[in-house]
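Asker: Okay, predicted coordinates and the sequence, questions at the end:
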Amino acid sequence: MMRLGLFGHHDEYVAEDWQDVPRERRERTLLVLIVNYCSMLLWFAILYAVLRSFDPLAFLVDVHARGDIAFNAFLLSFTTQTTVGYGTVAPGTWLCSAICMTQALYGVLYIALAIANALSILNSGERQR
């Protein structure tokens with residue numbers, strides 16, 4: 001039986017359980033999760049910077065905050081996706097707020113997926129001992 005693998009190639013087997021997957025594949029899966037999470041931070045930051053270039057009120061910056069548009073856009077992206085909360089930068093328009101809500105939902109669900117994968121990798125390592 002063939003199935004589509006992690007990077008688009010066909011696997012020669014279908015693992016019945018996560019423990020049947022080779023350790024290298026599990027580590028690569030975890031690395032892909034981390035890289036994807038960080039890349040989504042950057043893509044949302046680029047989106048916020050583009051929004052700010054069209055509408056100066058797309059996100060609001062505290063008077064005492066320092067930094068240019070790119071830094072503030074990344075700060076907004078980071079605080080939204082990690083669900084830390086807004087400090088010096090916050091959404092200012094309904095469109096930016098909607099995008100922030102989407103990113104926050106993505107961040108929460110993605111962290112849950114990453115934690116589940118990490119725990120299954122750790123659990124399978126203890127079962128092999």
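Answerer: Cool, got the structure.
Asker: Can you get me the centre-to-centre distance for the lengthiest helix in the chain and its chain?
Answerer: Taking DSSP state H as the criterion, the chain has its longest helix at helix 94-128. Computed by Cα atoms, centre = their mean, to the nearest Å, the chain-centroid distance of helix 94-128 equals 7 Å.
Asker: Give the other helices and strands that it contacts.
Answerer: For helix 94-128, the elements it packs on are helix 23-54, helix 69-81, strand 89-91, judged by 3 or more Cβ pairs under 8 Å, 6 or more residues apart in numbering; DSSP states H and E. All C-beta spots, glycine's among them, are computed from the backbone N, C-alpha and C.
Asker: So which elements touch the second one?
Answerer: Looking back up the chat, that one is helix 69-81. helix 23-54, strand 59-61, strand 89-91, helix 94-128.
Asker: Redo those as CSV? Include mean pLDDT, mean neighbour count and distance to Ala70.
Answerer: Formatted as CSV, the helices and strands packed on helix 69-81 follow (pLDDT from 0 to 100; neighbours: other Cβ atoms under 10 Å; distance: least, Cβ to Cβ, whole Å):
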stretch, mean pLDDT, mean neighbour count, distance to Ala70
helix 23-54, 88, 15, 6
strand 59-61, 87, 21, 12
strand 89-91, 89, 20, 12
helix 94-128, 83, 14, 16
